[in-house]
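Q: got a predicted structure plus its sequence, pasted below:
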Amino acid sequence: MRTFRLTALVALATMLITAGPPTAASAGGKNHDRSGYLRVGYFTQWGIYDRGYTVGKLESSGAASRLTHINYAFGNVSEDGRCYVDGGPGEGDAWADYQRPVPAEESVDGVADAWGEPLNGNFGQLAKLKARHPGLKVLISLGGWSWSTYFSNAARTDASRKAFVASCIDLYLKGNLPILDGGSGGPGAAAGVFDGIDLDWEWPNWPGEPGNVLRPEDRENFTKLLAEFRRQLDAYGRTTRKHHELTAFLPANPATMDAGYEGRKIFRYLDFATVQGYDFHGGWDPVTNQHSALRVPTGAPDDPDFSAEVAIDGWIARGAPRGKLVLGVPYFGRGWTGVTGGGDGLFQPAAGPAPATFEAGFEDYRRLKTLPGSGYTLHRDLRGGHAWLFDGTTFWTYDDPAVVLQKMLYIRRSGLAGAMIWSLDGDDDEATLTRTIGLGLATP
């Protein structure tokens, strides 16, 4: 039954994507000739708690075998511009990273950790996962929304860039973890867990979280920081006899692209870049809208507006090689409540963010998938490439398997490098969305 449903969705998505008008990304209509598409999933450090999403679930659900990369979120940057691990509140979670003894029932291989081993926690489980999937690469993702505060300090001068990059390679690639109160860590404890670095600076020379340090020179310094990472990673690779990857997470907003990035130049140093394909709208807006549509929907109240296509076309127009662009796909939805105006709920006034499990206006796919038939009606914009749920009062916009497949076929037709997932812990126990990505990007 599952095979039939997915096959039908492939046929539907093929029809939809080929019906769309050509854009900068899709002009020419030829599939990109690749030996395989990238499938990059973010694993969140904190997902092991309330969501109960452990590294072991990547194995038991079948997700791991359908990924090429796991980006571990996140590593912190200190005020003086260094990569560091700190067990203090708000500054990190060394317990989750490498101290927590993982019980047998959560372990990738069914073997429990012992207290105080050099490598426990998520890092230890990632090492076990890689042993089972030798082609799987794991990158440490630095920054994110909450920890981009001091990136500008780290990138500011030649000396600060050299020191920052050296500290990140020492901590994560060489695996020299500090021994904190849990007893784990030590020289080389995490060596071999991470294959490279992902920079998630949100954003150079553009407002992100309040309190972030911003400088006009961030734009040029971001390029220089990438160059220094590439130089030191290559030097380290000569000792390990392997290529250590360098990637970055890039924004969907064209204004942010222009303010913080030197377009074509940054791709000289990147193996690939993941592009934000979500959070285009949310409960912060006074009317309901899409948060991850493939194309700007007809009748959208904002002009210009955001979409996955707008983001990809924006980067291509600024010189990005399409074969290095990886489209971000959300495993979560954005919601509003107090919606008035009737109809299907789209583009209607709302009172505010919808109540949700962990954060108002934000809900995981695994919970949203249960709503159709329980008072909510599923609606779909076939051309725009997005879906939403509405019960007359509360509205949720999200990606279901049909939307995900449509995006995978867009990736193929546009010659892009692959898909990125934020974040793996939003999927259900059967890894439905990750399996859908694997199906949509499968090569003959």
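A: That came through, no problem.

Q: who's in contact with the closest residue to Arg230 other than its chain neighbours?
A: Closest residue to Arg230 apart from its sequence neighbours, by Cβ to Cβ, 6 or more residues apart in numbering: Tyr269 at 4.2 Å. All C-beta atoms are positioned from the backbone trio N, CA, C, and that covers glycine. Shown in contact with Tyr269 (Cβ atoms under 8 Å, 6 or more residues apart in numbering): Thr223, Leu226, Ala227, Phe229, Arg230, Leu246.

Q: can you confirm the first one is in a strand?
A: No - the secondary structure assignment for Thr223 gives helix rather than a strand, going by DSSP: H, G, I helix; E, B strand; the rest coil.

Q: my read: it touches Lys265, true?
A: Yes - using Cβ atoms under 8 Å, Thr223 makes contact with Lys265 at a distance of 5.1 Å.

Q: if we can go back for a sec, which among the contacts of Tyr269 count as buried?
A: Those of these that meet the buried threshold are Thr223, Leu226, Ala227, Phe229, Arg230, Leu246, by 16 or more other Cβ atoms under 10 Å.

Q: which of those residues fall in helices?
A: Among the buried ones among the contacts of Tyr269, the members falling in helices are Thr223, Leu226, Ala227, Phe229, Arg230 (criterion: DSSP state H).

Q: quick one: contacts for the closest residue in space to Cys168 that isn't next to it in sequence?
A: Distances taken as Cβ to Cβ, 6+ apart place Cys83 nearest to Cys168, at 3.9 Å, with adjacent residues excluded. Listed by Cβ under 8 Å, 6+ apart, the contact set of Cys83 reads Gly75, Asn76, Val77, Leu142, Phe164, Ser167, Cys168, Asp170, Leu171, Tyr172.

Q: 7 Å instead?
A: Contact analysis of Cys83 by Cβ atoms under 7 Å, 6 or more residues apart in numbering lists Gly75, Val77, Leu142, Ser167, Cys168, Leu171, Tyr172.

Q: tell me the one among those residues nearest to Leu199.
A: Distance to Leu199 across the contacts of Cys83 (Cβ to Cβ) is lowest for Leu142, with 5.7 Å.

Q: that's a strand at the closest one, yeah?
A: Yes - under three-state DSSP, Leu142 falls within a strand.

Q: can you list the buried ones among the contacts of Tyr269 in TSV and add pLDDT and distance to Gly323?
A: Below are those laid out as TSV (pLDDT from 0 to 100; distance: Cβ to Cβ, whole Å):
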residue	pLDDT	distance to Gly323
Thr223	98	20
Leu226	98	18
Ala227	98	21
Phe229	99	21
Arg230	98	18
Leu246	98	16
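
Q: from those residues, pick the one nearest Ser152.
A: Of all those, Ser152 sits closest to Thr223, with 13.8 Å by Cβ to Cβ.

Q: just checking, the closest one touches Glu262?
A: Yes - between Thr223 and Glu262 there is a contact under Cβ atoms under 7 Å: 4.8 Å.

Q: how about the helices in the stretch 51-200 of the chain?
A: Using DSSP state H, counting those that start in this stretch, the helices found in the stretch 51-200 of the chain span residues 55-60, 94, 121-132, 151-154, 158-168.

Q: looking at those, which is nearest to Asp305?
A: Closest to Asp305 of the helices of the stretch 51-200 of the chain is helix 151-154 (Cβ to Cβ; 28.3 Å).

Q: and that closest one, what does it pack against?
A: helix 158-168 (3 or more Cβ pairs under 7 Å, 6 or more residues apart in numbering; DSSP states H and E).

Q: let's go with 8 Å and repeat that
A: Contact here means 3 or more Cβ pairs under 8 Å, 6 or more residues apart in numbering; DSSP states H and E; on that basis helix 151-154 packs against strand 69-77, helix 158-168, helix 218-240.

Q: show me where the stretch 151-300 of the chain has strands.
A: Under the criterion DSSP state E, counting those that start in this stretch, the stretch 151-300 of the chain contains strands at 196-201, 245-250, 272-275.

Q: paired strands for the shortest one, with orientation please.
A: So that's strand 272-275. Neighbouring strands of strand 272-275 in its sheet, by DSSP bridges, are strand 245-250 (parallel), strand 325-330 (parallel).

Q: got TSV for those strands, with distance to Ala112 too?
A: Formatted as TSV, the strands paired with strand 272-275 follow (distance: least, Cβ to Cβ, whole Å):
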stretch	distance to Ala112
strand 245-250	32
strand 325-330	34
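
Q: and of these, who's closest to Trp147?
A: strand 245-250 (12.5 Å).

Q: which residues touch the closest one?
A: By Cβ under 8 Å, 6+ apart, strand 245-250 touches 40, 71, 137, 139, 141, 195-202, 226, 229-230, 233, 257, 261, 266, 269-276, 315, 328.

Q: got the angle for it vs strand 69-77?
A: 80 degrees (axes from the mean of the first three to the mean of the last three Cα atoms, to 10 degrees).

Q: what's the spacing between strand 245-250 and its chain's center?
A: In this view, strand 245-250 has its centroid 11 Å away from the chain centroid, taken as Cα atoms, centre = their mean, to the nearest Å.

Q: got the angle for it vs helix 218-240?
A: 160 degrees.

Q: give me the angle between strand 245-250 and strand 196-201.
A: On the basis of the same axes, to 10 degrees, strand 245-250 is oriented at 20 degrees to strand 196-201.

Q: what residues of strand 245-250 count as buried?
A: Across strand 245-250, burial judged by 16+ other Cβ under 10 Å covers Glu245, Leu246, Thr247, Ala248, Phe249, Leu250.

Q: let's have those in a markdown table, adding distance to Gly211.
A: Formatted as a markdown table, the buried residues of strand 245-250 follow (distance: Cβ to Cβ, whole Å):
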| residue | distance to Gly211 |
| --- | --- |
| Glu245 | 30 |
| Leu246 | 27 |
| Thr247 | 26 |
| Ala248 | 22 |
| Phe249 | 20 |
| Leu250 | 22 |
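
Q: which of the contacts of Tyr269 lies closest to Ser61?
A: Leu246 (28.8 Å).

Q: quickly list what that closest one is bridged to.
A: Listed beta-bridge partners, Leu246: Ile197 (assigned using DSSP bridges).

Q: follow-up on the earlier one: of all the contacts of Cys83, which two lie farthest apart?
A: The farthest-apart pair in the contacts of Cys83, when distances are taken by Cβ to Cβ, is Val77 and Tyr172, at 12.5 Å.
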